[in-house]
Every structure is written in structure tokens, then in C-alpha cells.
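In: Any chance you could fold what I've pasted below:
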Amino acid sequence: MQTLSLVTLVVRDYDAAVRWYVDVLGFILLEDTPLADGKRWVRVGPRGNAGAAFLLARADTPAQEAAVGQQTGGRVGFFLVTDDFAADHAAMLARGVVFAEPPRHEAYGTVAVFLDLYGNRFDLIEPR
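Out: This is a model prediction of the structure:
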């Protein structure tokens, strides 16, 4: 059996990213372990999630810095599934999450695109 455990998200600053994902988006900090050379092993994920989480990795090179916020070329690259779109959407707005569009109803469910602190695009989605 295999599972997808982590997805790397390149960030400019560990602490700013942790604050945004935990305090604004409402994720939980799963781990923050210091490593050599000022690096850290930082994992964040949605509350109640037993699936994949983000590994927040600080950009170390110019190429990595250029990828911050553009890891998927401007497309939605991450999908946050909810069982209560209206409640989560309202809570996220109240905490300052920026939505790029109003909610819409598609054949696959209710969805709205939001941006993280670096401009990465996410779908908040409640499947049908």
C-alpha cells in the first residue's frame, strides 16, 4: 500500500508561512524540527486530516525563490476539500483569506479559488 504523505511548498520564510497556514488558513502545525544550516522540517496540514500535508521548505537558491507562489505556473495546484463549504468559506473570509472569485456551483461541487500568502492558488471545494 502507498499513500501520498507530503507535498513540498517552497516559501520565503518559515515563520511567516507557519503563521499564515496556522493562524489564517486554520491548519495545524504538525512538526517543526530544526535541521543543519538554519533549515527546518516544518509540516502543516488541515485539522482532522489523516492524508497529505505540506512540507514548508524555505527557498535557498534564486531558482527556488522565483518559484515561490508560482509552483504550478499560476494554475490551481492545491485542493482543500470540505464537508461544509459555507461555514469554511465564511470562517476563512473572517480570518483574512483572500478569495480570487466568489463561490460557484460546478457539476463536481461548490468551489472558490483562494490565494495563500505568496499567491499560490487553491480550490476550496465541497464535492457533490
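In: Show me where this protein has its helices.
Out: For the chain, helices defined by DSSP state H occupy the ranges 14-19, 62-67, 85-94.
In: Name the residues that touch the second one?
Out: Counting contacts by CB atoms under 8 Å, 6 or more residues apart in numbering, the residues outside helix 62-67 that touch it are 10, 12, 59. Any C-beta I mention is one placed from the backbone N, CA and C, and that applies to glycine too.
In: ok, of the residues you listed, which come out buried?
Out: V10 (16 or more other CB atoms under 10 Å).
In: what would the contacts of helix 62-67 look like in TSV with pLDDT?
Out: Converted to TSV, these look like this (pLDDT from 0 to 100):
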residue	pLDDT
V10	97
R12	97
A59	97
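In: can you give me the strands for the chain?
Out: 6-11, 28-34, 40-45, 53-58, 76-81, 98-99, 104-106, 109-115, 121-127 (DSSP state E).
In: could you dump those to a markdown table with distance to A91?
Out: Formatted as a markdown table, the strands of the chain follow (distance: least, CB to CB, whole Å):
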| stretch | distance to A91 |
| --- | --- |
| strand 6-11 | 22 |
| strand 28-34 | 15 |
| strand 40-45 | 17 |
| strand 53-58 | 19 |
| strand 76-81 | 12 |
| strand 98-99 | 12 |
| strand 104-106 | 19 |
| strand 109-115 | 12 |
| strand 121-127 | 11 |
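In: among the ones you listed, which is nearest Y21?
Out: strand 40-45 (4.5 Å; CB to CB).
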